[in-house]
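Enquirer: fold the stuff below for me.
(chains A and B)
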Number of protein chains: 2
Amino acid sequence: MPADEFSLIARYFSAYGRGDAVELGVGDDCAILSLRPGERLATSVDTAVEGVHFPDFTLPEDTAYRAVAAAASDLAAMGARPLGMTLALTLPEADELFLHSFSQGLGLAASDFALPLVGGDTTRGPLTVTVQVFGALPAHQALLRGGAQVGDELYVSGTLGDAAGGLALLRGEWHSDESSEAFLEGRFHRPTPRLLLGQQLLGLASAAIDISDGLLADAGHIAAASGVRLRIDPGRLPLSPALLTHSDREQVLYWALSGGDDYELCFTLPPGMELPPGCARIGEVLAGEGVECPGAPALGGYRHF
Amino acid sequence: MPADEFSLIARYFSAYGRGDAVELGVGDDCAILSLRPGERLATSVDTAVEGVHFPDFTLPEDTAYRAVAAAASDLAAMGARPLGMTLALTLPEADELFLHSFSQGLGLAASDFALPLVGGDTTRGPLTVTVQVFGALPAHQALLRGGAQVGDELYVSGTLGDAAGGLALLRGEWHSDESSEAFLEGRFHRPTPRLLLGQQLLGLASAAIDISDGLLADAGHIAAASGVRLRIDPGRLPLSPALLTHSDREQVLYWALSGGDDYELCFTLPPGMELPPGCARIGEVLAGEGVECPGAPALGGYRHF
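Expert: Coordinates of the predicted model:
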C-alpha cells in the first residue's frame, strides 16, 4: 500500500478499528481476527456502485452507512455475531471533503453494528464501495436458506416497502408529510440490519434470508433452496403508517413485495412457535415450488443485469 | 442477489469452491469457513481497477489470475495458510466471453494458491476486481512488519524488477529475445505469491512484507514499523537473466528497486541464519530510519494518488 494511500486510510478510518475479536487491525499485510473456541467464520461481500446501487445525489455518509448495513444484513440472515469488516473503496480522486463525510457514516455504522474496520484498500476509479463482513457462528448452528419444511410458517421482521417508498420520495416521484418523508428516506439511507434477531433465531428458524432484492425475489430463494412453495398473504404484509400515507394502495403493495433494500429478515418457523418481537407472520410453507401471493400484482425483484 | 446474477456466478465460478476449510460456499447469505483449534483468521483485500492496476489490453484470464495472486501475496507476507477467497466483480455488462476467460484464470489461481472461491458479488459498472483472501495463523505466530532488530539481515525471495520489465515489454517500450520476453511478461501477468516460504518463515523472520509497490517503498514500511534503518546493497539485488538482457543497467536497477508487482517477499532474519531456498541476502538492519541504497538511483514506489 503506497504511503499516501495509507495515510488517507489511517487519517480517516483508524478510529473505527477496535473490537474484542480484533488482534491486528489496519496497517500490516493482513488483519488478524480471533474466534472463540469451536466457533466458525461467516463472511459475505457486498458491492455498491454509484448510479447503480445508490443515486448520485446520495450524501457520502449515507453511502457508507448503507453499504455497511447491506453487508451486515447478510450476517444477520445467517445468525452470525459481528466481528469486523474490511472496506475496498474506489474513488475518482482523493477528495478530503468526501472522505470526511464518508468516514463519518462508516464510523457510525461500525459502532451501530459492532463491526470494527480491520483493513481495506483504496484505489482510484469510479466510485465503488465494497464491504466484506466477518461474523462468528456457533459450532453446529447457522440460519440457512434451505431448511424450510412443509407446514412451517413464514415471517418477516419490521415493515416492508419503506426503502422503495423512500427512494421514490428522494426522486420527487411523490410527496407526503414531513415526518413520514423523514422516516421513509431514513429507511432508505440508514437501514437497520436485524443482527440481534438473527442471533435469536439460531436454533429456532428453519430457514432465513435478508430482504435486499424484494420480498418475492428473496422468498423465492428460500423456496428454491428448501424445495418448497411459499404462500404469502398480501393482507398480512406489515406496512408502516408512513408508507400508508401514499394514496395508491397497489403502489404500496408493489413496494412491499418487490421493492429492495429493506434489509429485514424473512424466515420460517415450525408451526406454533411464539411470534418473535417486531415480526409478523405473513404466510405459510406448502409443498411445491416458487412463491405465490394471491391477489397481488405479479412482479419480480430488482435485477442488476 | 438477483436470480440472473446468481446464475452467472453459479455457472462460471461454482467449480472452484471446494476446500478443507469450506463448510458452506457460494449460494447462501454468507460463506462459512472453519479454522483448526487455536488458529486465528488472517484476511486481506485487494482491488484492481482496469486502466489503473492493469492495462486495458490484459486478457481477462490474466486479470483474474493476477488479482488473486496479489491478494494471496498478503497471506504469504503474514505466513498464513490459505483457506479461501471471495470475489467482488464489477462488470460493464454480463459478457459471456469475458466471464468464460476470466473464470479460467480465476480457477487456475484458486487451484495454484489453494484458495477456493467461497462467495462473491457481481455488479454492473466499470471493470473492477476486488479479491478478499482468508488464511489461518497459529495461535501465537505471524509475520509482522514491525519486528526487525538492529543487526538483523535483510532478504528477498526470487528476482526483482521482472514484472516492471515485463510491463514495459507489453507496452512496446523495449524488446528482448522470445524466451526472455515470455518469462518477463509471465512474471507480470502470472505472479507467484510466496505462500510456502511465508509459512516456513513463521517463527524465524523478525519482519516481513510482500513487494507490491517496489522494494524501496515496501522495505520502507518495514523500516517505519520496526523503527530501524535498512541498508540495501544494490550489487546484491537478485536479477533474472531475462531482465539482464536489457542493455541499460540503470533502468534494470530502477525496475528492481522501484518497479511494483513482483509479489516477492522482503524479510529480515537474525544474523547467522541459514539462507532460505530461493532467497538472497540484500542488506542489513541498522539503527535510524528509512531505507538507503548507496549508489542507486533515488526513486520511490508506485503511488495510486
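Enquirer: and the pLDDT at residue A:255?
Expert: pLDDT recorded at residue A:255 is 95.
Enquirer: just the closest residue of the stretch 151-300 of chain A to chain B, please.
Expert: Residue nearest to chain B within the stretch 151-300 of chain A (C-beta to the nearest C-beta): residue A:213, separated by 5.5 Å. C-beta: built from backbone N, CA, C; applies to glycine.
Enquirer: isn't that residue right up against residue A:260?
Expert: Yes - with contact defined as C-beta atoms under 8 Å, residue A:213 counts as touching residue A:260 (4.8 Å).
Enquirer: okay, those two: which has more neighbours?
Expert: More crowded of residue A:213 and residue A:260, by other C-beta atoms under 10 Å in any protein chain shown: residue A:213, with 25 against 22.
Enquirer: tell me the SS of the more buried one?
Expert: coil (DSSP: H, G, I helix; E, B strand; the rest coil).
Enquirer: show me the shaky parts of chain A.
Expert: Low-confidence segments of chain A (pLDDT under 70): A:1-10, A:297-305.
Enquirer: where exactly do the helices run in it?
Expert: A:3-13, A:60-78, A:96-112, A:162-170, A:178-189, A:195-201, A:215-226, A:249-258 (DSSP state H).
Enquirer: buried ones in the fifth one?
Expert: Just to be clear, that refers to helix A:178-189. A:180, A:181, A:183, A:184, A:185, A:186, A:187, A:188, A:189 (16 or more other C-beta atoms under 10 Å in any protein chain shown).
Enquirer: also the third one?
Expert: Neighbour-count burial for helix A:96-112, with 16+ other C-beta under 10 Å as criterion, is recorded at A:98-99, A:101-110, A:112.
Enquirer: also the last one?
Expert: Neighbour counts over helix A:249-258 (16+ other C-beta under 10 Å) mark A:251, A:252, A:253, A:254, A:255, A:256, A:257, A:258 as buried.
Enquirer: tell me if that helix is near chain B.
Expert: No - against chain B, helix A:249-258 shows no contacts by C-beta under 8 Å from any C-beta of the partner chain, the least distance being 11.7 Å.
Enquirer: what is that helix packed up against?
Expert: Identification of packing neighbours for helix A:249-258 by 3 or more C-beta pairs under 8 Å, 6 or more residues apart in numbering or on different chains; DSSP states H and E yields helix A:162-170, helix A:215-226.
Enquirer: cutoff 7 Å now
Expert: Judged by 3 or more C-beta pairs under 7 Å, 6 or more residues apart in numbering or on different chains; DSSP states H and E, helix A:249-258 is in contact with helix A:215-226.
Enquirer: what angle do the helix it packs on and helix A:249-258 make?
Expert: 30 degrees (axes from the mean of the first three to the mean of the last three C-alpha atoms, to 10 degrees).
Enquirer: what's helix A:215-226 packed up against?
Expert: Counting contacts by 3+ C-beta pairs under 7 Å, 6+ apart, helix A:215-226 packs against strand A:207-210, strand A:229-232, helix A:249-258, strand A:265-269, strand A:290-292.
Enquirer: do you know which of the ones you listed lies nearest residue B:241?
Expert: Closest to residue B:241 of the helices and strands packed on helix A:215-226 is strand A:207-210 (C-beta to C-beta; 55.3 Å).
Enquirer: please name the residues that touch residue A:12.
Expert: A:99, A:100, A:103 (C-beta atoms under 7 Å, 6 or more residues apart in numbering or on different chains).
Enquirer: kindly provide the distance from it to residue A:262.
Expert: 29 Å (C-beta to C-beta, to the nearest Å).
Enquirer: so which of the buried residues of helix A:178-189 comes closest to residue A:230?
Expert: residue A:187 (24.1 Å).
Enquirer: right, I'll call it a day here.
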